[in-house]
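Colleague: below is the sequence, then the predicted model.
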Amino acid sequence: MTLRVERDKATGVAVVTLDRERKHNAIDLETAAELSTVWREFRYEEDVRAVVLTGAGTAAFCTGIDRGVDVPQPSSPYSIDDPLVAIGPKAGDLWKPVIAAVNGMACGGAFYLLGESEFVVSSSSATYFDPHTTYGMVSAYEAVYMAQRMPFGEAARMSLMGTAERLSAQRAYEIGLVSEVTPPEELLPAALRAAQTLAGYPTEAVQGTVRALWSAKQAALQQALAQAPALITLGNLAPERQAELFGGRPPGAEFRLR
């Protein structure tokens, strides 16, 4: 199992932990399938009324798709198989509140998860960035999700600057991506306090409010996401060229933190 799920019936809160610490909690196909499954399971579990989503360890919340994953693609230029497209709670039709507790790096495909969480609690040591353009890939789904949660200029800057720049937790808080910043050791307790509060309210009212919040932007979001496969097909470099760019970047290459 690459996902750790803990349920507390007394509080009504479940904690979902991406459990691939040695891989910086990158998502492989097994993890993607487990995420899709657990969100749908929670729909039927009355003892789960709120969820905290986090990553194992302190180095990373999630670094997106595992680069070692082989994802076969259809030959048609009109379609693309994205292994992360169904990893978020809303893709799983879950309308119970999900709070992301971000510890360490959150980048690339992590934004599929942050983009479908209700709000984000961040460790002060966390950083946020999107590496796609650096490696010849289109940031499509990630950019769309972030444009829904951040001022347009900030979303554009992060999506376009690639690995050259990272958002600090403080800057992420200032622009509204993050709702609370805590010391690293207080991250999970802070997220749990919020989740326990939500789980203590009548779940019908909470779920209805979650649905109402998302309905305010869902039409625009779905229209934007519908363009993503074509943009990726048109703009991504060939996989072998991407691999060259990944291989050519030295470990620990410098970036600007703001």
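Modeller: Right, received. Where do you want to start?

Colleague: need the helix or strand of the protein with the lowest average pLDDT.
Modeller: helix 239-248 (a mean of 76; mean pLDDT, DSSP states H and E).

Colleague: who's in contact with the closest residue to Val13 other than its chain neighbours?
Modeller: Spatial nearest neighbour of Val13, excluding adjacent residues (Cβ to Cβ, 6 or more residues apart in numbering): Ala195 at 4.5 Å. Every residue, glycine included, has its C-beta placed from N, CA and C. Contacts for Ala195 were tallied using Cβ atoms under 8 Å, 6 or more residues apart in numbering; they are 11, 13, 50-52, 97, 99.

Colleague: now do Ala126
Modeller: For Ala126, counting by Cβ under 8 Å, 6+ apart, the contacting residues are 61, 102-106, 169, 172.

Colleague: what about the helices in the stretch 1-150 of the chain?
Modeller: For the stretch 1-150 of the chain, the helices defined by DSSP state H, counting those that start in this stretch occupy 29-42, 110-115, 141-149.

Colleague: quick one: closest of those helices to Glu204.
Modeller: Glu204 lies closest to helix 29-42 among the helices of the stretch 1-150 of the chain, at 15.3 Å (Cβ to Cβ).

Colleague: the inter-axis angle of the longest helix seen in the chain versus helix 141-149?
Modeller: The longest helix of the chain (DSSP state H) is helix 203-235. Going by axes from the mean of the first three to the mean of the last three Cα atoms, to 10 degrees, helix 203-235 is angled at 130 degrees with respect to helix 141-149.

Colleague: mind listing what's buried in helix 203-235?
Modeller: 203, 206-207, 210, 221, 224, 228-229, 231-233 (16 or more other Cβ atoms under 10 Å).

Colleague: remind me which helix or strand the residue nearest to Val13 belongs to.
Modeller: Using DSSP states H and E, Ala195 maps to helix 187-200.

Colleague: how far off centre is that helix?
Modeller: Relative to the chain's own centre, helix 187-200 is displaced by 19 Å; criterion: Cα atoms, centre = their mean, to the nearest Å.

Colleague: now do the contacts for Ala140.
Modeller: So Ala140 contacts 227-229, 231-232 (Cβ under 8 Å, 6+ apart).

Colleague: just give me the closest of those to Ser75.
Modeller: Among those, and counting by Cβ to Cβ, the member closest to Ser75 is Pro229, at 14.3 Å.

Colleague: hang on, the closest one packs against Pro74?
Modeller: No: taking contacts as Cβ atoms under 8 Å, Pro229 lies outside contact range of Pro74: 10.6 Å.

Colleague: and for these two, which residues touch both?
Modeller: Ile80.

Colleague: residue nearest the centroid of this protein?
Modeller: By Cα atoms, centre = their mean, the chain has its centre lying nearest to Leu113, at 2.6 Å.

Colleague: pull up the gap between the residue lying closest to it once chain neighbours are set aside and Ala212, please.
Modeller: Closest residue to Leu113 apart from its sequence neighbours, by Cβ to Cβ, 6+ apart: Gly88 at 5.9 Å. Distance, Gly88 to Ala212, by Cβ to Cβ, to the nearest Å: 18 Å.

Colleague: same question for Ile65.
Modeller: Counting by Cβ to Cβ, the gap from Ile65 to Ala212 is 32 Å.
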